[in-house]
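J.: give me coordinates for this.
(2 chains)
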Amino acid sequence: MKRKFQLTALALLATTCVWAQSSTESEADSTIMTIDAGDFTISESQLGEDDDMTSDVIQVGSSNNLYTSNIGWTWSAARFKFRALDNKYNDVYINGVQANQVENGRFQYSNIGGMNDAARNKDAANPFESNAFAMPGLGGATNYDFRASSMSTGSKITLSGLNRNYTLRGMFSHGTGLNKNGWAFYGSLAYRWGNMETAAVDGTFYNSLSYLLSVQKKWENGHSLNLATWGNPTERAQQGASTDEAYWLANDRQYNPYWGYQNGKKRASRIVNDYAPTALLTWDYQIKDNMKLTTSAMVRYQLYSSTKLDYSGTNPAPDYWKNFPSYNYDAWGETDGSNNNWDAYNSAKEYWQSGPQARQINFDELYFANQQLNKTGNDAIYWIQARHNDHLTASLGSNFNWTIDKTSKFNAGIQLSSTQGMHYQTLEDMLGGENFHNIDRHLVGTYQETDPRADYDLKNPGRTVKEGDRYAYDYDIMVQKFNAYAAYTKTIGISYNYIAARMGGTRMYRDGKMQNGLFAENSYGKSGVAGFLDGGVKLSSTMNLGNGHSLTLGGGFEAKTPNARDAFICPEKMNDFVHNLKNEKIASAELSYGVNNSWLRLNLTGFYSYKYDGTEWSCFYDDNESSFVYVSSQNIAKRNYGVELGAKFKVTSNFDITLLGTYSEAEIVGNTDVDYMLSDNGKLKRTTCFADGMRESGTPLAAASLALNYRVNGWYLGLTGNYYDRIYLSYTPVTRLQSVQELWAANNYGGAFIDVDGTPVYSIPEQAQGNGGFVLDASIGKQFYLGKNPLSVNLNLSNITNNTSLCTGGYEQSRANYSVNDGEMSSRTYNFLKNPKKYYAQGFNFMLNINYRF
Amino acid sequence: MKKLNIYTALLIAALGLGSCMNEDWQAPDFGDNPPYGNNEIIPSTSNKITIADLKAKYANVFSSNGYKLIEEDLQLHAVVNGNDQGGNLYKQISIQDETGGIIVGINGTDLYAFMPVGQKIVINLKGLYIGAYGKMAQLGSEYNGGMGRMDLNVWKERVRLVGDEVKVITQTTENNVVKYDTTTVEMTAKADTIAFSAPKDYNSMIGRIVKLSNVEISGEGTQTLAPEDGSVRLTSNCANRDIKGAGSSIVLRTSTYSDFASRPIPTGKVDIYGVCTIYNGTWQILMRTNSDLVEHESK
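T.: Take a look at the predicted model:
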């Protein structure tokens, strides 16, 4: 049967395409139903879509290792991070061209959200595993294959209903496979939807479309061209972390402070708009039977913005610390209690508990304030800002694969990329205000309102800002990268040996579009150019011990260029690079034992890595300085080590048991050097941060699961018990700076003091932790046939015991338990150290998935 | 053909659903029901009291630096004449009517955004405290055995923001027939400025906006109004600058947190506007915004 159709309406998606299809229905597409993890268990929220969050999960997934191929989805509810590594250590390629966002080094999984079929076509390599496309990073490497001929043939419709960050999902895909004339087409379309009434977390919504189109022509002479284009316009509202006190008052660990009421209707304050249309042209050239060249060119325009309620006076957040009952009464007994006010505590508590309107944003009041200010011609004091992080990237990747003989292979490749990162802030909504000036309100007082130093842009002094206009900052970060690698594998006797090396170069600079008043000399125009060379080597050897037993030893050393995101001391305001910026050095090794026989598959791995000379950047409000501070932590050394186990026992032909487990450590070794700049006056200070022993946050460092899977007569039954522990929250440098500890000691505060010799004795707070716990998941599935066509139905039940106290991450607050005036500390009743902000895993949730192939 | 229809339907469904979810939010028009304060307060002429009468009623409380709970059902009709806009008044506003002014201590910030100068207000006084701090009258709450600020929620419960007139609907029952009458209550208080003098009965002057004409502010020309560099003694984070040529002794009191703290002290003659206060016998003037200090053009 031949069918043709044309679609032109996709022009709406900014990518015009006309595609013709001509396919032969495969006669026997009776794919045996397998429970495919990617199909129904990964909720995209768990893949770290947020550009500005550090909880990004790595999708390692080499199918050669039972542990790595299963953890990605089994432990997604706890936001488990492979070896507690940042996503930036995992290299992601699509058709052989690197696709990590260059400024933060992370791959944005949201860019391929909804393209579940295509995202399953991948070649993943563990950190020391040979592969045909790269020298894998510390967290491994993945190469997605978006070629039309690689996609499954036929049509597929998937409909899903769930109660997570979205409610409904519909996906449709169609692939033709390669036809007689050498053409292949593939298209997929998906839509994910959840509104304020249906989304699991109050005040959030999810609205996402995704499309992927791929066309391939293969010639007899060994050449093939593939053009793929995809994108996923997504609009979604975010959930905010809050304190345990807020969760207690709201009686809900999914309490979300980021929304409020306007005129009785729910309104979200933090909305992310994300769309990264991408076009990818791939040329495959089969030079000889044993030689292949793959070259891909990719252009991606990532449009990302996130909104936030901003203010120039009092923080209107409902969970602002001064609104809490414990602002009025010291429940921990750490102060002298002289400021305790029991009545105020109770009245705040009653207020919080009086209903949702009391603990959400009061948009009406914000509008009213701005309208009142209009009367006197004053600037609005509340508004919604949108921070834009747009990236235009052009990249090229070329890969040469040569099978030299039966025992040896050679692979080599190069990657080139150029990225323009466009960062600016716009005034999204003035909330009824009529006036707004491009002036840094935080500086008014330190300087007069008319002082040029308080002006964000001396090129347009005193400029008025309207909705949609850029204000506060506007700059580009330009990054050019080059990388080349070569790898060689050789089988010698019982050993399979792998050696790979890479080298690369990076240039980066900032181009300021505003002349910041505080940094008139070094904020406008181009900064200097920082150049880096980096590279590394990896070796591994696998011994085949016979009878399905093997032993693998891997080791490597690498120098890795810092990300542009960490390279500037205060990119929003000025051009200066971080002092003493240098490559991070990474030494890593692992030893792995594997068994693969008729009843058991097992991988037992021990890993160790040591990184040093690392640089990280953050910014927050610091009470010790009464100013925003931009903090660059340098000379960070980190040690990650642990054991990983994956074992699958085939008890009978239709019953198996899978065991997964890890116990690991991921900590900072030694203290770090900190440069911090005060936004009030631009002064830079250097001090030490006593960060020794701080753990990586937002992931369980210990996790275990036991899964039972049973298949009979087209039915599938699965039961998984998971246990998570050793969950740390992101530490704040602010309580651990030497300068702050000296202040503590001088004031005899927090356990710090000056001893009899006059030397200060410091008291470094313990890092805040979150609760681990047990989570039980079950799934049941059945495959039917409608005629010849398979229809499968899966029901996935997660967190059946409704454990709502499993912490998935969070952070210590960067505020202090005291205020400082001329070096004198005065205690606050509120205790920031005892009130870290946390996220909790969702309680019981489900997903129903119906899948039809035809 | 059947297949084509499925594709088309799917595509249309996807595109139709894929429209923007965040609404285009319009600014609400609150009319006579601002989302701040208590709109159920009914302005009444029967229990209205003037600020002068209120001060007279509690005169002995002020002189003893004490405080007292207001138990009578009294109502003030006033206008805001000073607030925290410039960051110089902190957690307080000043209000006045035709007879005088008074400070209101409120545990809140950005009060100016809700109560700009000129905003007319009705305050139900019952349940509030009246007393003195440094012998200066103010409204607020009891705090640690002295006069303190009231909680923001207490304030919002007792104040109504009003326009120049308020329509009041009254219900009367005559011979079992319910009648509704609409009366209009005029709000007559205006934020005006008077020339400063130092009367013996200081209560008549404080809380008012006063003007000092043709005066000089003492201090070196290189100094700013309220520096934190230790060049001037600070009390509660405020600098007092002597004013010459005002007829009576009065200081210009400026907070280091104010927006104009870093303004250089003018060398010549100036006019100063501000809220008149007194602290244990010392007259003080507090600028509200930077424009309250007007420099005469140099010769």
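J.: what does the stretch 101-250 of chain B have sitting close to chain A?
T.: Within the stretch 101-250 of chain B, the positions near chain A by CB under 8 Å from any CB of the partner chain are B:108-110, B:113-119, B:151, B:153, B:237. Bear in mind the C-beta positions are built from the backbone N, C-alpha and C, glycine included.
J.: A:Met135 is in contact with A:Ala125, correct?
T.: No - assessed by CB atoms under 8 Å, A:Ala125 is found out of contact with A:Met135, at 9.2 Å.
J.: just the buried members of the residues of the stretch 101-250 of chain B next to chain A?
T.: B:Gly108, B:Thr109, B:Asp110, B:Ala113, B:Phe114, B:Met115, B:Pro116, B:Val117, B:Gln119, B:Asp151 (16 or more other CB atoms under 10 Å in any protein chain shown).
J.: chain B contacts on the stretch 351-500 of chain A?
T.: Checking the stretch 351-500 of chain A against chain B by CB under 8 Å from any CB, the hits are A:351, A:362, A:364-365, A:367-373, A:375-376, A:378, A:381, A:429, A:431-432, A:444-449, A:451.
J.: keep only those of those that are in strands.
T.: Counted as lying in strands by DSSP state E, out of those, are A:Asn362, A:Asp429.
J.: ChimeraX command for the buried members of the residues of the stretch 351-500 of chain A next to chain B?
T.: Of these, the buried ones go into a single ChimeraX selection, burial set by 16+ other CB under 10 Å:
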select /A:362,364,365,367,368,369,370,371,372,373,378,381,429,431,432,444,445,446,447,448,449,451
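J.: where does the chain dip in pLDDT?
T.: The chain I'm using is chain A. Within chain A, the stretches with pLDDT under 70 are A:1-62.
J.: actually, chain B is the one I wanted.
T.: Scanning chain B for pLDDT under 70 picks out B:1-19, B:220-222, B:298-299.
J.: domain map for it?
T.: B:51-166, B:193-295 (automatic domain parsing).
J.: any idea which of the ones you listed is most buried?
T.: Greatest average neighbour count among the domains of chain B goes to domain B:51-166 (a mean of 20), per mean count of other CB atoms under 10 Å in any protein chain shown.
J.: which residue ranges of chain B form helices?
T.: For chain B, the helices defined by DSSP state H cover B:2-17, B:51-57, B:59-63, B:152-158.
J.: can I get the shortest one in PDB? Just the C-alpha atoms.
T.: Coordinates of the C-alpha atoms in helix B:59-63 are reproduced here as PDB (Å, rounded to 0.1, in the frame of the first residue of the first chain):
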ATOM      1  CA  ALA B  59      -2.300  65.000  77.200                       C
ATOM      2  CA  ASN B  60      -1.200  63.600  80.500                       C
ATOM      3  CA  VAL B  61      -0.100  60.300  78.800                       C
ATOM      4  CA  PHE B  62       2.400  62.200  76.600                       C
ATOM      5  CA  SER B  63       3.900  64.300  79.400                       C
END
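J.: A:His423 is in contact with A:Pro571, correct?
T.: Yes - using CB under 8 Å, A:Pro571 is in contact with A:His423, at 7.1 Å.
J.: between those two, who's got more neighbours?
T.: Between A:Pro571 and A:His423, A:Pro571 has the larger neighbour count (other CB atoms under 10 Å in any protein chain shown), namely 23 against 19.
J.: OK, now which residue of the stretch 151-299 of chain B is nearest to chain A?
T.: B:Asp259 (5.1 Å; CB to the nearest CB).
J.: looking at A:Ala125 and A:Met135, which is more packed in?
T.: Comparing A:Ala125 with A:Met135 by other CB under 10 Å, the one with more neighbours is A:Met135, at 29 against 24.
J.: how far away is the more buried one from A:Lys88?
T.: As judged by CB to CB, to the nearest Å, A:Met135 and A:Lys88 stand 16 Å apart.
J.: excluding its backbone neighbours, what's nearest the most centrally placed residue in chain B?
T.: By CA atoms, centre = their mean, chain B has its centre lying nearest to B:Ile93, at 2.8 Å. Spatial nearest neighbour of B:Ile93, excluding adjacent residues (CB to CB, 6 or more residues apart in numbering or on different chains): B:Asn83 at 4.7 Å.
J.: residue contacts, that neighbour?
T.: Counting by CB atoms under 8 Å, 6 or more residues apart in numbering or on different chains, B:Asn83 touches B:Leu89, B:Ile93, B:Ser94, B:Leu111, B:Tyr112, B:Met115, B:Pro116, B:Val117, B:Arg288.
J.: closest to chain A among those residues?
T.: Nearest to chain A among the contacts of B:Asn83, with distances taken as CB to the nearest CB, is B:Pro116, at 4.8 Å.
J.: I'd guessed the closest one sits against A:Lys375; true?
T.: Yes - using CB under 8 Å, B:Pro116 is in contact with A:Lys375, at 5.9 Å.
J.: and the contacts of stretch B:170-178?
T.: By CB under 8 Å, 6+ apart, the residues outside stretch B:170-178 that reach it are B:Lys179, B:Tyr180, B:Asp181, B:Thr182, B:Thr183.
J.: could you redo the last one with a cut-off of 6 Å?
T.: B:Lys179, B:Tyr180, B:Asp181 (CB atoms under 6 Å, 6 or more residues apart in numbering or on different chains).
J.: one more: stretch A:231-249?
T.: A:113-114, A:201, A:204-210, A:253, A:255-258, A:268, A:270-275, A:277, A:319, A:324, A:326, A:352-353, A:810, A:835, A:837-839, B:21.
J.: for B:Ile49, give its distance to A:Tyr723.
T.: Noted for B:Ile49: a distance of 69 Å to A:Tyr723, by CB to CB.
J.: what about the closest residue to chain B within the stretch 551-700 of chain A, neighbour count?
T.: Closest to chain B within the stretch 551-700 of chain A is A:Ser626: 9.9 Å, counting by CB to the nearest CB. By other CB under 10 Å, 14 other residues sit near A:Ser626.
J.: check contacts around it.
T.: Applying CB under 6 Å, 6+ apart, no residues qualify as near A:Ser626.
J.: give me the phi and psi for it.
T.: phi 50, psi 50 (degrees, to the nearest 10).
J.: which of the contacts of stretch B:170-178 sits closest to B:Ser231?
T.: Using CB to CB, B:Asp181 comes nearest to B:Ser231 of these, at 63.9 Å.
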